[in-house]
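In: Starting from these lines, generate the structure:
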Amino acid sequence: MTDPIADMLTRIRNAHMALHKEVRVPRSKMKESIAAILKQEGYVDAVNVEEKDIAITLRYHKGTAGIAGLKRISTPGRRRYVSHSAIPKVQNGLGICILSTSSGVLDGEAARAQKVGGELLCEIW
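Out: I've put the predicted structure just below:
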């Protein structure tokens, strides 16, 4: 596997399309941070970090998924870095972007507030 973050996003997208209640992804610190941001922003119900896996409980509202879309921005072949003033607004503010910064993995609003830029990992809406 060349891109574990894209694999995580694809597993979440596929689980939502199949209306699964939970999805498991292999554990890493980066994926733990992304899952924690998804929980904090209300896109998933629960995140349980186990020894080798991360169990993510997906959120549904009247049969529709809590996450409408996921998009990987920075890939292993093309990294995308942004300054704090160039952090994009996702879906006119209805979504979030996740960045890997020198202050850790942050969502776009927190990175703008702290005035730090970094690698733009993904967009979620």
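In: the longest helix in this structure is where?
Out: Assignment by DSSP state H gives helix 4-17 as the longest helix of the chain.
In: How far off centre is that helix?
Out: Mean-position distance between helix 4-17 and its chain equals 10 Å (Cα atoms, centre = their mean, to the nearest Å).
In: and stretch 101-118, how far from the chain's centre?
Out: Taking the mean C-alpha point of stretch 101-118 and that of its whole chain, the gap between them comes to 14 Å (Cα atoms, centre = their mean).
In: Please read the previous query as pertaining to stretch 87-96.
Out: Per Cα atoms, centre = their mean, the displacement of stretch 87-96 from the mean C-alpha position of its chain is 13 Å.
In: Buried residues, it. List them.
Out: 87, 90, 95-96 (16 or more other Cβ atoms under 10 Å). Quick note: C-beta positions are derived from backbone N, CA and C, even for glycine.
In: Need the mean per-residue confidence for it.
Out: Along stretch 87-96, the predicted local confidence has a mean pLDDT of 94.
In: Tell me who's in contact with the residue nearest to the spatial centre of the chain.
Out: Among the residues of the chain, the smallest C-alpha distance to the mean C-alpha position (Cα atoms, centre = their mean) belongs to residue 34, namely 4.7 Å. Residue 34 makes contacts with 5, 8, 98, 105, 121-122, as judged by Cβ atoms under 8 Å, 6 or more residues apart in numbering.
In: how about the strands in this structure?
Out: Listed in chain order, the strands found in the chain under DSSP state E are 22-26, 44-49, 53-58, 60-61, 64-65, 70-72, 81-82, 96-101, 104-107, 118-124.
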